[in-house]
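S.K.: Quick one: sequence and predicted model below, then my questions.
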Amino acid sequence: MPTRPLSDYLAEIDGADRTGLEALRVQWLGRHGSLTAALRELGTLGPKERRTAGQELNALKQAVEERLLARQRQLQAQALSSRLDNERVDLSLPGEPVALGHPHPLAVTQERLVSTFVAMGFAMAVGPEVEDDWHNFEALNFPPDHPARDMQDSFALADGGWLLRTHTSPVQIRAMQQAAPGPLRIIAPGRVYRRDDDATHASTFHQIEALVIDRGVSMAHLKATLKTFARALFGADVPLRFRPSYFPFTEPSAELDIGCLFCQQAGCAICKLSGWLEVLGSGMVHPKVLQAGGYDPERMTGFAFGLGIERIAMLYYQIPDIRLMLQGDLRFLSQF
Ligand code: PHE
């Protein structure tokens, strides 16, 4: 017969942890448990004794069972609340940093150029990157065997007369055909292709073309426009130089140079000791080109210019090799 008082059992239960509690239950109430054995022993007693001992024993057993259950619930509640404590989110902690991307230096430069021209009243125009020979050369006054074609060595597509455009100038023709005989003032940014591959010439690069056509447009308008643009981009006191040049589609033609940004014209490796940097090609639209676009060159005149966006970005950011612009190398890109 177990003779331990109830309080002993209760004290043991209250001091047990989860595994200890299960061990106590087995030890007392399991198949070979001490209380189980005591209950079984009741059968060996006489009827009178059995009754009193039975009542006591059953009361003890019930009290122990209740306390086991209560303790189990208490332990469960404690475990839950400490789990909630651990899981609590502190909203005042700083967040995990997220690595943000940023615009490519070329995109930044293009955006800067476009917004400068848009502020000057130019509208946007686009044209296809796959062109026909007529738009890319012929209509721009490059006859089939003209040597100037060699300077824009191109990627011909196998299929009858198509090529990857070598400059954005064919957009001039397309814009003229849409606007003629009315006036026109557009810029056309876009991708162009040439069979080139060295530190300053890539096979894929970007240009912005500008074209203005109206009555009485003169070289003075071209100069004033380029001056305004160059000052907006490179600063009010940047030295400018117009240098005579040649393009089949402009007459006369001129290239615009700016004073070298790197050596203040003292002469350095970037300007090849000349003190000047070449920025763009320009000129008055050739009468034959006006005609190809649907204009009467006796009534309307115009100017055009085209610049390489990579070239401007390279000047801005002092990038030594144009090919870095196309490679997507994070060691390069994360510097901007
Ligand atoms: N299309 C010429 C080039 O790619 C640039 C240019 C555009 C020159 C417009 C004059 C006028 O070199």
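M.R.: That came in fine, so what should we check first?

S.K.: Now do the contacts for Asn136.
M.R.: Asn136 sits next to Ser154, Leu163, Arg165, Thr166, His167, Ser169, Pro170 when contact means Cβ atoms under 8 Å, 6 or more residues apart in numbering. For every residue, glycine as well, the C-beta is placed using N, CA and C.

S.K.: Mind picking the lowest-pLDDT entry from the residues you listed?
M.R.: Scanning those for pLDDT, the low point is Ser154. It has 77.

S.K.: picking up where we left off before, closest one to Ala224 out of the contacts of Asn136, please.
M.R.: Ser169 (21.7 Å; Cβ to Cβ).

S.K.: Let me know whether that closest one touches Glu209 as I believe.
M.R.: Yes. When contacts are counted by Cβ atoms under 8 Å, Ser169 is listed as touching Glu209 (5.9 Å).

S.K.: for the contacts of Asn136, which one is nearest His32?
M.R.: Nearest to His32, judged by Cβ to Cβ, of these is Arg165 at 93.7 Å.

S.K.: need the contacts of Asn136 in a markdown table with neighbour count, distance to the ligand and secondary structure, can you?
M.R.: Output for these, formatted as a markdown table (neighbours: other Cβ atoms under 10 Å; distance: Cβ to the nearest ligand atom, whole Å; DSSP: H, G, I helix; E, B strand; the rest coil):
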| residue | neighbour count | distance to the ligand | secondary structure |
| --- | --- | --- | --- |
| Ser154 | 19 | 11 | coil |
| Leu163 | 18 | 14 | strand |
| Arg165 | 27 | 10 | coil |
| Thr166 | 23 | 7 | coil |
| His167 | 24 | 3 | coil |
| Ser169 | 30 | 4 | coil |
| Pro170 | 26 | 9 | helix |
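
S.K.: Let me know the closest of the residues you listed to Glu96.
M.R.: Of all the contacts of Asn136, Glu96 sits closest to Arg165, with 45.9 Å by Cβ to Cβ.

S.K.: Need phi/psi at that closest one.
M.R.: The phi/psi pair for Arg165 (degrees, to the nearest 10) reads phi -60, psi 140.

S.K.: Could you do the one 3 residues further on as well?
M.R.: Torsion angles at Thr168 (phi, psi; degrees, to the nearest 10) stand at phi -90, psi 0.

S.K.: mind checking how far the closest residue to it other than its chain neighbours is from the ligand?
M.R.: Sequence neighbours aside, Glu209 is the residue nearest to Thr168 in space, at 3.7 Å (criterion: Cβ to Cβ, 6 or more residues apart in numbering). Note on Glu209: its distance to the ligand, by Cβ to the nearest ligand atom, to the nearest Å, is 6 Å.
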